[in-house]
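Visitor: Structure for this input, please:
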Amino acid sequence: MREENHFVRALGFALLIALLIPMALIAEGERIKPELKKEVERIYFRLKTDPQLQTLQARLKGNMLNRAVVDPYLSYLPISPLEIFNLDRWTHRWLISVPDYIETYHERWKKLHPAEARRFYGAQRDRRRGQGGDFEEKLLSEGTLKKTEVDANLNLAHDNIQPPTGFQSEVQIVVNPNNPNQLVAGSNTAKFPWSCGPRTIQALYYSSDGGKTWGFTCAPAPLAYGLDCAALGGVILGSDPALAWGANNEVYFNYMAICGVGGAPRSAIVIAKSTDGGATWTPRAIIKDSWATGEFEDKPFVAIDNHPASPYSGRLYSCWVRDGNQKVAFSSDGGANWTERDVPSPPGTDTDMICEMAVQKNGTVHMMLEAEHCADPSTCFDDWIFYTRSTDGGNTWTTPTLVADLNFTAFATERASCPDAVGDRCLISMGSIDVDNSGGECNGTLYVTYSDRPATGTVNNMDIFVKRSIDGGNTWSPAVRVNDDTLGGNVQFFPFLTVDQVKGQPVVAWMDARNDPNNLAVDVFTTRSTNCGLSFKKNVQVTQPSDEFNNSTISSTNESAANPVHNINQYGDYIGLDTRNGKAYVAWTDSRHFFPSFQTEPQKENIGFAVVTFGPPATEDLQASASSTRNTLTWKDNPKATDIVAYNVYRVSGGVYTKIGTVNVSGYSLTSTRSYSDPVTSLTAAKSRSYAVASVDSLGDEGPYSKVVASK
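Guide: All right, here's what the predicted structure looks like:
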């Protein structure tokens, strides 16, 4: 009886609100596939005793039409709320019609669970109602807060007078740790129609306003390093961009300089430097030149030690693969001179494929490796993710230890590593690694991400996983599945992970075909963990329709065979991600300028970019005043936020954020001024103190910090 009374009260509240909202007639119902009814019944009875569902249901009270509260409830449900209501109705013998808000929930559930919606109900119909547009979108948007904000998708070449033509792929992006308004992105690029020459090897984009606008230039060509491809009768090529931003505001660009001469190409690993935020670049050094020997140097990644307390502060590291063997080099003079070292081979393997590194603030360099066992150069059978570290500045490395034994195998027989969405280029697992240097509760935690398929599945069903280590890489946790598309069945690939060193949170971004019934067109998704990698938040779709692409009404990129003029390189091997203070800066290969329409457009794979802000917006007009007894902070509510329940207040010292108090909000008002006082007796004798304030919403999610300095 208590459950029925709760339902009736909630129903009455929802209907009262619904009467105030213009609405059209409810469309005809839809039926679940008969063969799945028993499965739905089993799930229904299991949910009746699910404590997490009961918690989510309790939050609905007073928030029945608040998307910020409804979406987590619907996201958790493995079956539609319409099925739950119908079974409730039969169980309790209710003689009432299906409420309109249940249908609204049903339509929203299908959008949040597209794969399950197709499985349970078949092909989806257009449920729009009259001129009012999408009813459930309108109803559930009334008075709600958009928890995660995705800025407009940008085409980084959109405003260039002479943009690059031909394909662009394999994107990397980096944010200045001292100034998040400065960003640099790099990508493979085939052709430039301007002063870089008819062919160059890498495109570089730079921004000084947080990614709102971008400049465009090119990396130094091989001849700038003394590598003369013309003298060999060859053609200039290039590949594999990698970026690192130093503590002194310098940016390093690590990449391959290649000369195609017929047969095996000649390769070298080089590095360039910019001191003006990426606008201009100078060749710094050749890390390894194999143009003369014919050895193939491949897939470099770069890292830098930006930690003042490290014994190797300022040291640069570059790792790459030479003919299937992992190499690493380090430089202590800003990239001018390099010392090469060998990385021990992982046990049981004979082919290294890729590396990625992260530097801890004590100077330890952590590296992940993807390695395989191959019977011959073209047939591989096993694939693993390994871990190794150096505690002496890159001179020596530990014997690699296993992180993950993959079901997926790159370069496998019978195209088993080639999903339909990436059928030409095929996949590698593409792991990446980072370490928490924030000084917060997860400080020192290592994270590794990678993609893998089920043991009995195919490469067309790849998922994204993260493992963590809290003991410096000695042991690794069970894998956590990051993509939340219910039972899956779609291909997700090329994950990249970075730790937000301000918030102390790991963030992952990847390519994802969940929105395409044909499993061909991909969107970009991202998510973060707020509990040290134990679980990840609801996935956020980064790609959105944008007027900066010719095909402005779609969000997805399609480089499959369905795109007749796609480039054989497709997406390359990775996408770009960096994070700072609750924001993810994501860059990817995007085909929307020339597919599905505009097939003759000379610009092919452009670089897409967007900023994702996790959690509620930051405070506005944060100020600080100091007296002899206390420091007082004042701020205003952000007009974009309507669901703030509290503000967390932090002291900031040495880059570490220490929570000192919470200001609870009752009665949100855009005209209100909030305040917090910190007694001077709790401070040191310092003449100034840095503070930060962050908004907290009703789900407990915290947004970016606003910072201020109180001076005496």
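Visitor: Would you check how far apart the most centrally placed residue in the chain and residue 371 are?
Guide: With distances taken as Cα atoms, centre = their mean, the residue of the chain nearest its centroid is residue 509 (2.1 Å). Taking Cβ to Cβ, to the nearest Å as the measure, residue 509 falls 24 Å from residue 371. To be clear about C-beta, it is placed using only N, CA and C from the backbone, and glycine gets the same treatment.
Visitor: likewise residue 212?
Guide: Distance of residue 212 to residue 371, given as Cβ to Cβ: 41 Å.
Visitor: got it, and residue 351?
Guide: Distance of residue 351 to residue 371, given as Cβ to Cβ: 6 Å.
Visitor: Who has more neighbours out of these two?
Guide: Just comparing residue 351 and residue 371: by other Cβ atoms under 10 Å the higher neighbour count belongs to residue 371, 26 against 21.
Visitor: how about the closest residue to that one other than its chain neighbours, what does it touch?
Guide: Sequence neighbours aside, residue 349 is the residue nearest to residue 371 in space, at 4.0 Å (criterion: Cβ to Cβ, 6 or more residues apart in numbering). By Cβ atoms under 8 Å, 6 or more residues apart in numbering, the residues touching residue 349 are 371, 372, 373, 382, 384, 386.
Visitor: which among the residues you listed end up buried?
Guide: Burial by neighbour count, 16 or more other Cβ atoms under 10 Å: within the contacts of residue 349 this picks out 371, 372, 384, 386.
Visitor: Out of those residues, name the two that are farthest from one another.
Guide: Farthest pair in the buried ones among the contacts of residue 349 (Cβ to Cβ) is 372 and 386. Separation: 10.8 Å.
Visitor: Contact partners for residue 148?
Guide: The neighbours of residue 148, taking Cβ under 8 Å, 6+ apart as the test, are 540, 612, 613, 614, 615.
Visitor: what do you get if the cut-off is 10 Å, keeping everything else the same?
Guide: Shown in contact with residue 148 (Cβ atoms under 10 Å, 6 or more residues apart in numbering): 526-528, 537-541, 582, 584, 612-616, 701, 703.
Visitor: do residue 256 as well
Guide: Counting by Cβ under 10 Å, 6+ apart, residue 256 touches 188, 201-202, 222, 237-242, 265, 267-270, 296-300, 320.
Visitor: which secondary structure element contains it?
Guide: strand 251-260 (DSSP states H and E).
Visitor: With residue 270 instead?
Guide: Assigned by DSSP H and E, residue 270 belongs to strand 266-274.
Visitor: quick one: strands adjacent to that strand?
Guide: Strand 266-274 has the following strand partners under DSSP bridges: strand 251-260 (antiparallel), strand 282-289 (antiparallel).
Visitor: Would you convert the ones you listed into TSV that also reports distance to residue 603 and mean pLDDT?
Guide: As requested, these are exported to TSV (distance: least, Cβ to Cβ, whole Å; pLDDT from 0 to 100):
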stretch	distance to residue 603	mean pLDDT
strand 251-260	22	93
strand 282-289	28	97
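Visitor: Can you check which of these gets nearest to residue 568?
Guide: strand 251-260 (15.0 Å).
Visitor: mind listing what's buried in the closest one?
Guide: By neighbour count on 16+ other Cβ under 10 Å, the buried set for strand 251-260 is 251, 252, 253, 254, 255, 256, 257, 258, 259.
Visitor: show me where pLDDT drops low in the stretch 151-300 of the chain?
Guide: Scanning the stretch 151-300 of the chain with the threshold set as pLDDT under 70 gives 161-162, 166, 190-200.
Visitor: circling back to that earlier point, go through the buried residues of strand 251-260 and say which is closest to residue 394.
Guide: Of all those, residue 254 has the smallest distance to residue 394: 14.5 Å, by Cβ to Cβ.
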